[in-house]
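Chemist: I'd like to go over a predicted model; first the sequence, then the structure.
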Protein chains: 2
Amino acid sequence: MYTVEVFVTYKESILDPQGQAIMQGVHQMGYEAVKNIRQGKYFQMEIVKEVGDVDQAVADICDRLLANVNMETYRYTIKEV
Amino acid sequence: MYTVEVFVTYKESILDPQGQAIMQGVHQMGYEAVKNIRQGKYFQMEIVKEVGDVDQAVADICDRLLANVNMETYRYTIKEV
């Protein structure tokens, strides 16, 4: 079995208004030293049996379902357990 | 400087309808071996100077701003760069 973690974030060139709103909140809490907050999405999943090339399957799921590849970029980790 | 990554997910006992919707989509793509998809939130931030106890500052930000601790749980990593 594999456990997979996927991290989807906006590309660097894309404005992240949610991250900016959170940064304002953080600064209002008194943490002015916190900069460059960016929000993204996080997915956990399990792959319970062999699906051929696991890496390719996860990339396919990310490309077609989890990330908008025009605006977002993703990375993932695959652990065999 | 520190780079911080925060992962916020629903507690195990809380239903994750988004994750279930994604799982249906993944199964329709032909990946029936994928199970237990859970969606969460992911945050990146930088802490550019000393803020006393970095660990405590990040936990404070998570508790008060990033996570709804009634329904969500979080973990984070802090890297000094």
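Modeler: Okay, I see it. Numbering: from 1, shown residues only, chains lettered A, B, ... in the order given.
Chemist: only C-alpha atoms for contact and neighbour calcs from this point on.
Modeler: Will do.
Chemist: now for the nearest residue to A:V4 once chain neighbours are set aside, how many residues are close by?
Modeler: Counting by CA to CA, 6 or more residues apart in numbering or on different chains, A:I78 is the residue found nearest to A:V4 once chain neighbours are left out, at 4.6 Å. Applying other CA atoms under 10 Å in any protein chain shown, we find 16 other residues in the vicinity of A:I78.
Chemist: one more: A:V48?
Modeler: Using other CA under 10 Å, A:V48 has 15 other residues around it.
Chemist: so how far is chain B from it?
Modeler: 5 Å (CA to the nearest CA, to the nearest Å).
Chemist: run the contact check for the longest helix anywhere in chain A versus chain B.
Modeler: Ranked by residue count, the top helix of chain A under DSSP state H comes out as helix A:17-28. Yes. On the criterion CA under 8 Å from any CA of the partner chain, helix A:17-28 is in touch with chain B at A:I22, A:G25, A:V26.
Chemist: how about A:V69, phi and psi?
Modeler: Dihedral angles of A:V69 (phi, psi; degrees, to the nearest 10) stand at phi -70, psi -10.
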